[in-house]
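[1] Predicted model and sequence follow; I will ask about them next.
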Amino acid sequence: MRTLIYVKLFGVLAVFAVLFSILIGEPVRAATNITIIAASNATAAEKAEATYVCTGTNDQTILNSVSGNVQLSSGTFHIDGIWNLAANSTYLGSGVGITFIQFYNKGDRIYIQNVSNAQLGNFSMTGTGGITLAATNGNYQDFNIHDIYSTCTGVGAVFYIYVNGTYNLSNITYANCTAYAPDGSGFQVDGAGATPTVNNLTYYKCYVFNAGVAPTRTTIWAVGFDFAEYSGLTVNGLQAIDCSVNGAWESDFHMEDVPTKENFVITGCSATNAGQKPDPTYGYGYLIGCVPNGTGDIIEYNNTASNDTGGDLDLDAIAHTPMIDCISPSNSLKTATDINQGNCSGVIVNLDPTHKELVLYSNNGSAVDQTINLGGYYAADDGNNYTFNGESIVVQFNNYAVIGLVKTTTQITTSSLPNGTVGVAYSQTLAATGGMAPYTWALASGTLPAGLRLSYSGVISGTPTTAGGPTSITFQVTDNVGTSATQSLSVIVVYAASDVNMDGHVNALDMILISQDLGQTSTPGWIREDVNNDGVINVQDLIIVGQHWTG
């Protein structure tokens, strides 16, 4: 009798499987969550597990055919052309020094072009190539490029951002990326056309060594980091945190005068041995160009510079560039000769290590003796120094760039987080107030549920893979002058309604449970087999399971 029931049951399920395949337009089958690509010289075990095995020739052909969650084996992938990343995809190697990307010809590159939501990392790069992130036909966002060690040569910039026309790229993070002895620049932000824009760009613990120093250099303007190159470009919200450059043909950290630069923060960075070319002009540790008419904020704090032949700091036509605790052992803070070019005028501003005295230097290097009222905050005349009474703020006053520390309390205003669902994309942005934006976010304690991650800009995103909770996590926010706050929040991850047996998958087992109770009625929301909570277990519940099938 029991055997007869099972036969009837699976007969019913077979009919429903056909029905679902018609309803959702594809056959019911198990989903593959990770695509594994093995290099031609991967281990035998890796090749046996792989979805595809490369031949060692034109490996970009296979790489261009996959998307989603892609895992690269150990060994070397040979790129003889262009590897284009797909949207909404993650491509991760097995680790720096374990997975290698080998380029063969000048012009061979990895392109993240005209797509959103792409992640790339965990490998080394060699040969004549690099990575280009580009927008040429629309606006795109959400990129995470991390843990990449490059010894590539023969390119203008190893890590290159390019925006064309009126389009923009937003929410970009480079973390733990190294450009070792490139022929050109290490990192560059560039564009063309009318009003290209880059928003919310973070460099975290990135490193450049000897940019353009080799005789094979591809450009005479090679620098470590070029934060803004094209004159029509707007870069809004750039952070360079704990980055360093040791040796560059010209400046270590660089930005052109004319591009519009808003809300820049450079902190914890180190610039050494800039200006390796015979002419030390532009060979500065930090070459900071202003925006004409004095718009925008470029803030430097807790940075160091040494042994830079052109000088440790050049404020080129500066209008609003504060510095806090920026150490120059050679004491070579310099202004450029074109300090009054166009509508720009300004001064070098520095604070002593105790954050109590402010010294303003005019164009010729002499101290300015003037009492300045800072919008309710008072800077008292004390010879050539100004001592702040009370808290202080960044302001623009009579063409002088004036800065003090912001001591207003930084607070996290997010008080709760929505539940996540296994297998369903999750996105929540944390919010803060006080201090001085932009903010940098991190986990102070605890771990996010599996499948979720926190970006430096405060976005929790990903797809939960395991139900559970509540999980208690302490988040930390730090403003751009170092004040921070923490907040403990909880996250609960639940199973999808269509996952009747709550095993993390929507498949035939859930259909079996529903089929066993077909026709039963109950109070809506009381039993999981009533997927749509209409009070009746029927075909509609089976259809919902088919539409959310994961296998």
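    Arrived safely, thanks for sending.
[2] Assumed T474 was part of a strand.
    Yes - under DSSP: H, G, I helix; E, B strand; the rest coil, T474 sits within a strand.
[3] burial measure for it, as a count.
    13 (other CB atoms under 10 Å). C-beta coordinates here come from the backbone N, C-alpha and C atoms, glycine included.
[4] Just the local confidence number for it, please.
    In this model, T474 is scored at 95, pLDDT.
[5] same thing with A425?
    Looking at A425, the pLDDT reads 88.
[6] Which residue is the nearest non-sequential neighbour of it?
    Among residues not flanking A425 along the chain, T463 sits closest, at 5.3 Å (CB to CB, 6 or more residues apart in numbering).
[7] Please apply the same query to V155.
    Nearest to V155 is G130, by CB to CB, 6+ apart, at 4.6 Å.
[8] ok, how many other residues are close to the closest residue to G97 other than its chain neighbours?
    Excluding the flanking residues, the one nearest G97 by CB to CB, 6+ apart is S124, at 5.8 Å. Neighbour count for S124, taken as other CB under 10 Å: 22.
[9] and S124, that one's in a strand?
    Yes - with three-state DSSP as the criterion, S124 is part of a strand.
[10] That one against S94, yeah?
    No - counting by CB atoms under 8 Å, S124 does not reach S94; the two are 10.7 Å apart.
[11] hang on, isn't the residue nearest to V155 packed against I161?
    No - G130 is not in contact with I161 according to CB under 8 Å; the separation is 11.4 Å.
[12] C54 contacts S40, correct?
    Yes - using CB under 8 Å, C54 is in contact with S40, at 5.2 Å.
[13] which one of these two has more residues nearby?
    Each of C54 and S40 has its neighbours counted (other CB under 10 Å); C54 has more, 25 against 16.
[14] can you pull the contacts of that one?
    37-40, 62, 77-78 (CB atoms under 8 Å, 6 or more residues apart in numbering).
[15] among those, which are in helices?
    Among these, the ones falling in helices (DSSP state H) are I62.
[16] Which segments of this structure make up each domain?
    2-30+507-547, 34-124, 130-346, 411-494 (automatic domain parsing).
[17] could the ones you listed go into CSV alongside distance to V500?
    Shown next, in CSV, are those (distance: least, CB to CB, whole Å):
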stretch, distance to V500
domain 2-30+507-547, 4
domain 34-124, 25
domain 130-346, 33
domain 411-494, 13
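[18] looking at those domains, which is buried most?
    Neighbour counts (mean count of other CB atoms under 10 Å) averaged over each of the domains of the chain peak at domain 130-346, with a mean of 21.
[19] per-residue confidence averaged over that one?
    80.
[20] Inside strands: which ones of the contacts of C54?
    37-38, 77-78 (DSSP state E).
[21] how about TSV for those residues, with pLDDT added?
    Output for the ones in strands among the contacts of C54, formatted as TSV (pLDDT from 0 to 100):
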residue	pLDDT
I37	97
A38	97
F77	98
H78	97
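[22] Just the closest of those to E46, please.
    Ranked by distance to E46 (CB to CB), the ones in strands among the contacts of C54 are led by A38 at 4.9 Å.
[23] now that we're looking at the closest one, which residues does it contact?
    A38 neighbours (CB under 8 Å, 6+ apart): 46-47, 49-50, 52-54, 73, 75.
[24] try it again with 6 Å
    46-47, 50, 53, 73 (CB atoms under 6 Å, 6 or more residues apart in numbering).
[25] Next: A485.
    Counted by CB under 6 Å, 6+ apart, A485 has contacts 410-412, 477.
[26] Which residue comes closest to it once chain neighbours are left out?
    T410 (4.6 Å).
[27] hang on, the earlier thing: wait, which of the contacts of C54 is closest to V223?
    F77 (29.3 Å).
[28] just checking, that closest one touches N41?
    No - with contact defined as CB atoms under 6 Å, F77 does not reach N41; the gap is 9.7 Å.
[29] which secondary structure element contains the closest residue to L63 other than its chain neighbours?
    Spatial nearest neighbour of L63, excluding adjacent residues (CB to CB, 6+ apart): W83 at 5.0 Å. Per DSSP states H and E, W83 falls inside strand 82-84.
[30] Which other helices and strands does that strand contact?
    The contact analysis (3 or more CB pairs under 6 Å, 6 or more residues apart in numbering; DSSP states H and E) places strand 82-84 against strand 109-113.
[31] So which residues make contact with the strand it packs on?
    By CB under 6 Å, 6+ apart, the residues outside strand 109-113 that reach it are 82-85, 118, 129-134.
[32] do stretch 74-92 as well
    Here stretch 74-92 has contacts from 39, 41-42, 56, 58-60, 63-64, 67-71, 94, 98-104, 108, 110-112, 115-122, using CB under 6 Å, 6+ apart.
[33] now, which of these lie within strands?
    Going by DSSP E, the strands hold 69-71, 99-103, 110-112, 118-122 from the contacts of stretch 74-92.
[34] quick revisit: run through the residues that contact the residue nearest to A485.
    Contacts of T410 by CB under 6 Å, 6+ apart are 434-435, 479, 483, 485.
[35] Would you mind measuring from it to V424?
    32 Å (CB to CB, to the nearest Å).
[36] now do T413
    T413 sits 26 Å away from V424, going by CB to CB.
[37] The strand holding W83 pairs with which strands?
    Note on strand 82-84: by DSSP bridges, its sheet partners are strand 109-113 (parallel).
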